[in-house]
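Peer 1: Below are the sequence and a predicted model for it; my questions follow.
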Amino acid sequence: MKKTKIKIDYSKCGNATGGIDPRNCSICLRVCDPAVFLRHMNLKAEELNPKDPQSWQVTAVWLDLCTHCGKCVASCPEKAITIL
Amino acid sequence: MCQWCMKHGAGGKWYLNARNYSNELAEELNLKAYLEEQWQNFETVYIRKIMGFSSIGLGYKLKMPIIGRVLRWKAEDMIHSESKNRVPLRADGHFGQVIPLEEAKLIMMNLAAEPIIQNYCMCRMMQRGVKDVCCINFGCLSGVIEKLPRFIPENTKVRLGREEAVKALDEQNKKGRVATVWFQPVPYVNAICSCEVPQCGGLRLRTDFGLGAVYKAEYVADSDPDLCQGCKACISQCQFGAIKYSSTLKRTIVDQNKCFGCGLCRDACNFDALKLIPREGVPGIAKMY
């Protein structure tokens, strides 16, 4: 079977370019029954600083558990999620 | 008793050995600095690359021929690491075991090192975006977490007395959550969590990927066919799909191969039909932790 990929557009999800702060949203985390998503600090940040809103982002981690139900895509207020 | 009881149990279960809770042990292993680094970066544990592999799409990676087997071996090695070169960023040596409520209370009353704190569950925060005060940490870890504002509950007490902690455990049990006790890192014990599948990081690795991040309890549920009235109250409590109702027998049946021995079904039973029996006493599953 084809491997699932979930793309998140960080120009829409995340504080970097005026999008939303994943810590205030996290809707995708809650609508997903198998809990595929993870909210974490961005490793690319030079220094991990939990107080910096730009350092937080959402990644789809447990991809093999995704059933392509589409709830995350439909419920994302920024339309930032694509399931491939 | 599992291999960790043999190693760190001093003749009993590992989580009932007082030495594993002692400040002396924490100092000997220099755990304050280790736990500080681990907890500051805990949410990134699944996205960090280890030998070029992160946990993203872990299920696919573990299924790869040969590489998958090497990855599984390496992951198990990390989870149970007692080496001097443990890496806090990967939470090396951090694993736990399911325990029934009475043993969680026993630990809280007699073994847990002061100070005892309650804080937001890290797993629920990172995998559900939900702030839920339910983890109880103690000993050297309390001071570490108290310095990290994102884990500190608002509008509620942080430090708990022993009776308060036991009450908190009772409330979590009523919500249908599985009590677990954690090495962090092995052999130091400093947390009792109230977990729920699938958003518990440890139970996720165990139930979805078969990794030994959480061991099954020393007990297993056993149903008494004469007492069960088939009310099905236990079924909704089981997070592991181990109980089902048999319309043929007009009672519930327990799949002891799936049972983690948490005792939630027993606590919910209206007719005392379910009890926990020692895993060692059931030959077919005796060593299956």
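Peer 2: Structure's in. What do you need?
Peer 1: shaky segments in chain B?
Peer 2: Scanning chain B for pLDDT under 70 picks out no residues.
Peer 1: Okay, strands next: where are they in chain A?
Peer 2: Here chain A has its strands, by DSSP state E, at A:6-8, A:37-41, A:56-60, A:81-83.
Peer 1: wait, which of those is closest to chain B?
Peer 2: strand A:37-41 (3.9 Å; CB to the nearest CB). Just so you know, the C-beta spots here come from the backbone N, C-alpha and C atoms, and that holds for glycine as well.
Peer 1: quick one: strands adjacent to that closest one?
Peer 2: Strand A:37-41 pairs in its sheet with strand A:56-60 (antiparallel), by DSSP bridges.
Peer 1: can you give me the helices in chain A?
Peer 2: With DSSP state H as the criterion, chain A has helices at A:27-31, A:71-75.
Peer 1: Need the winner for burial among those.
Peer 2: Mean neighbours per residue, mean count of other CB atoms under 10 Å in any protein chain shown, is largest over the helices of chain A for helix A:27-31, with a mean of 20.
Peer 1: hmm, back to that, residue B:99: which of the strands of chain A is closest?
Peer 2: strand A:37-41 (26.8 Å; CB to CB).
Peer 1: just how off-centre is the closest one within its chain?
Peer 2: 7 Å (CA atoms, centre = their mean, to the nearest Å).
Peer 1: returning to that earlier point: any chance of the helices of chain A in JSON lines, with distance to residue B:17 and mean pLDDT too?
Peer 2: Converted to JSON lines, the helices of chain A look like this (distance: least, CB to CB, whole Å; pLDDT from 0 to 100):
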{"stretch": "helix A:27-31", "distance to residue B:17": "37", "mean pLDDT": "96"}
{"stretch": "helix A:71-75", "distance to residue B:17": "44", "mean pLDDT": "96"}
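Peer 1: Tabulate the ones you listed (a markdown table), appending distance to residue B:13.
Peer 2: Output for the helices of chain A, formatted as a markdown table (distance: least, CB to CB, whole Å):
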| stretch | distance to residue B:13 |
| --- | --- |
| helix A:27-31 | 35 |
| helix A:71-75 | 42 |
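Peer 1: coming back round to it: could you dump the strands of chain A to CSV with distance to residue B:75, mean neighbour count and mean pLDDT?
Peer 2: Below are those laid out as CSV (distance: least, CB to CB, whole Å; neighbours: other CB atoms under 10 Å in any protein chain shown; pLDDT from 0 to 100):
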stretch, distance to residue B:75, mean neighbour count, mean pLDDT
strand A:6-8, 22, 18, 95
strand A:37-41, 17, 23, 93
strand A:56-60, 19, 23, 92
strand A:81-83, 26, 17, 95
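Peer 1: ok, back up a step: for the helices of chain A, which one sits closest to chain B?
Peer 2: Proximity to chain B (CB to the nearest CB) singles out helix A:27-31 among those, at 4.2 Å.
Peer 1: Send over that closest one as CSV, restricted to the C-alpha atoms.
Peer 2: Provided in CSV are the C-alpha atoms of helix A:27-31 (Å, rounded to 0.1, in the frame of the first residue of the first chain):
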residue,chain,number,x,y,z
ILE,A,27,-7.7,21.6,16.3
CYS,A,28,-6.1,18.9,14.1
LEU,A,29,-4.6,17.2,17.2
ARG,A,30,-8.1,16.9,18.8
VAL,A,31,-10.2,15.9,15.7
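Peer 1: So what touches it?
Peer 2: By CB atoms under 8 Å, 6 or more residues apart in numbering or on different chains, the residues outside helix A:27-31 that reach it are A:35, A:37, A:39, A:58, A:71-72, A:75-77, A:81, B:127-130.
Peer 1: and the spatially most central residue of chain B, what helix or strand is that in?
Peer 2: Relative to the mean C-alpha position of chain B, the nearest C-alpha, by CA atoms, centre = their mean, is the one of residue B:180, at 3.2 Å. If you go by DSSP states H and E, residue B:180 is part of strand B:178-183.
Peer 1: next one: residue B:134
Peer 2: Going by DSSP H and E, residue B:134 is in strand B:133-138.
Peer 1: Buried residues, whichever helix or strand comes after that strand. List them.
Peer 2: Past strand B:133-138, further along toward the C-terminus, the next helix or strand under DSSP H and E is helix B:140-146. The neighbour-count check on helix B:140-146 (16 or more other CB atoms under 10 Å in any protein chain shown) flags B:140, B:141, B:142, B:144, B:145, B:146 as buried.
Peer 1: mind giving me JSON lines with these and columns for distance to chain A?
Peer 2: Output for the buried residues of helix B:140-146, formatted as JSON lines (distance: CB to the nearest CB, whole Å):
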{"residue": "B:140", "distance to chain A": "21"}
{"residue": "B:141", "distance to chain A": "18"}
{"residue": "B:142", "distance to chain A": "19"}
{"residue": "B:144", "distance to chain A": "14"}
{"residue": "B:145", "distance to chain A": "13"}
{"residue": "B:146", "distance to chain A": "15"}
